[in-house]
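> The following comprises the amino acid sequence and a computationally predicted model.
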Amino acid sequence: MTTTSSRSGPAAEPDPEPPGLLAVAELTARIAGNVQRVIVGKPEVVRIALVTLLAEGHLLVEDVPGVGKTSLAKALARSIDCSMSRVQFTPDLLPGDITGMSIYNRQTAEFEFRPGPVFANVIIADEINRASPKTQSALLECMAEDQVTVDGATYQLASPFMVVATQNPIEMDGTYPLPEAQRDRFTARVSVGYPDPSAELAMVDEHTASDPLAALRPVADARTVRAVIESVRRVHVGPEVRRYCVDLVGATRRLPELRLGASPRATLHLVRAARAQAALAGRDFVVPDDVQAVAVPVLAHRLMLTSDAQASRRSAGDLVRGLVGRLPVPAPARPGG
């Protein structure tokens, strides 16, 4: 089942000039405040969602039902006033239901391409691991190359383009584990978790009378987001920080607790996420603290533990945190300093 809403502005209107980093920080703070009106008491989850957006990546939200996974995705989409599609993944969903398909037009005696819900700025892939691996893999090309190929023809996707996928823990009935190639295309993974008692009480007070999503108003649009992303691309990453990212990712491949370490794609995503983290702070250069702030969400979901590590209750996040604590931290100089 798919639903689509279009809220983007005129496509021909030129994008504004890339704003300065202080303006980027102010804008993202407004977006975060907007999203937190819906997702109460989870500032870190909202931060990672914004980092993923600015890093031109895709977000995997994993947790038990009822903690606000879909609400997070919808609140982010509404806050930036982009076109949005939602796909409810079910076992009978087909790849063409996502990407679109060629349909024979009897009047013209030709096949016409009918775009699927993936042709939007923000795609909410709800309960992605309830669909078969074949259907899950329909998103691979979309997420890696921002395009769709159907019947030999290639179609470009919207810009910005972000997949926000929600996933239930794989131990739950009716779920399929995501393939390694699929997980590797997600820039970051977060778990919303249960709110603390005070946040849950505030949610009861505010959400029972009305739906906060219905009252949410956008604070940016697709043109502004594209300009902000261009500013993030210009954030400087010094050679010491680049080497630090390479060393951190390379260290995961040597851990005895892992059957599979992080890929070179993970290194690229780590650098992009660190740039976005620096931009959130209003800086035009990346420091090691930025890398450490995004290391666990960016790397942990890509790692495969050995059976011994699983038996000892070790988690991939714990292993990444251990590497961050052990790896020597460079002291890069500010650009031009």
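Arrived safely, thanks for sending. In this text the structure is predicted, and so the values were computed from the model without any measurement.

> tell me the contacts of residue 39?
Contacts for residue 39 (C-beta atoms under 8 Å, 6 or more residues apart in numbering) come out as 45, 46, 68, 71, 72, 75, 192. All C-beta spots, glycine's among them, are computed from the backbone N, C-alpha and C.

> How about residue 262?
249, 252, 253, 299, 302, 303.

> ditto for residue 244
If a contact means C-beta under 8 Å, 6+ apart, then residue 244 has 288, 291, 327, 329, 330 as its contacts.

> Among the residues you listed, which ones are in helices?
288, 291 (DSSP state H).

> which one in the contacts of residue 244 is the model shakiest on?
Here the lowest pLDDT out of the contacts of residue 244 sits on residue 330, with 87.

> re the thing from before, which among the contacts of residue 262 gets closest to residue 23?
The closest of these to residue 23 turns out to be residue 299 (C-beta to C-beta; 30.1 Å).

> what sits against that closest one?
248, 249, 252, 262, 266, 270, 316, 320.

> if you set the cut-off to 10 Å instead, what comes out?
By C-beta atoms under 10 Å, 6 or more residues apart in numbering, the residues touching residue 299 are 188-189, 248-249, 252, 261-262, 266-267, 269-270, 273, 316-317, 319-320, 323-324.

> Please determine how far it is located from residue 276.
When distance is defined by C-beta to C-beta, to the nearest Å, residue 299 is 15 Å away from residue 276.

> now residue 210
Taken as C-beta to C-beta, the span from residue 210 to residue 276 is 33 Å.

> all helices for the stretch 101-250 of the chain, in order.
Applying DSSP state H, counting those that start in this stretch to the stretch 101-250 of the chain gives helices spanning 133-136, 140-145, 180-184, 197-207, 212-215, 222-233, 239-252.

> can you list those in a markdown table and add mean pLDDT and distance to residue 32?
Shown next, in a markdown table, are the helices of the stretch 101-250 of the chain (pLDDT from 0 to 100; distance: least, C-beta to C-beta, whole Å):
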| stretch | mean pLDDT | distance to residue 32 |
| --- | --- | --- |
| helix 133-136 | 84 | 30 |
| helix 140-145 | 88 | 24 |
| helix 180-184 | 88 | 26 |
| helix 197-207 | 76 | 16 |
| helix 212-215 | 83 | 15 |
| helix 222-233 | 93 | 13 |
| helix 239-252 | 96 | 24 |
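
> Out of the ones you listed, flag the one nearest residue 307.
Closest among those, once you apply C-beta to C-beta, is helix 180-184, at 16.6 Å.

> ok, back up a step: out of residue 210 and residue 276, which sits in the busier spot?
Just comparing residue 210 and residue 276: by other C-beta atoms under 10 Å the higher neighbour count belongs to residue 276, 31 against 9.

> How about the contacts made by that one?
24, 28, 47-48, 50-57, 187-188, 228-229, 232-233, 235, 286, 290, 294.

> List buried residues within these.
For the contacts of residue 276, a burial check counting by 16 or more other C-beta atoms under 10 Å picks out 24, 28, 47-48, 50-57, 187-188, 228-229, 232, 235, 286, 290, 294.

> Quick check, residue 319 in contact with residue 300.
Yes: at 7.8 Å, residue 319 and residue 300 qualify as touching, with contact defined as C-beta atoms under 10 Å.

> what touches both of the two?
Joint contacts of residue 319 and residue 300 (C-beta under 10 Å, 6+ apart) are residue 252.

> who's more crowded, the two?
Remark: of residue 319 and residue 300, residue 319 carries more neighbours, 22 against 19, as counted by other C-beta under 10 Å.

> is it possible to export the contacts of residue 244 to JSON lines including distance to residue 132 and neighbour count?
Shown next, in JSON lines, are those (distance: C-beta to C-beta, whole Å; neighbours: other C-beta atoms under 10 Å):
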{"residue": "288", "distance to residue 132": "41", "neighbour count": "20"}
{"residue": "291", "distance to residue 132": "36", "neighbour count": "26"}
{"residue": "327", "distance to residue 132": "39", "neighbour count": "17"}
{"residue": "329", "distance to residue 132": "44", "neighbour count": "15"}
{"residue": "330", "distance to residue 132": "45", "neighbour count": "17"}
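
> Which single one of the contacts of residue 244 is nearest to residue 127?
Nearest to residue 127 among those, with distances taken as C-beta to C-beta, is residue 291, at 31.7 Å.
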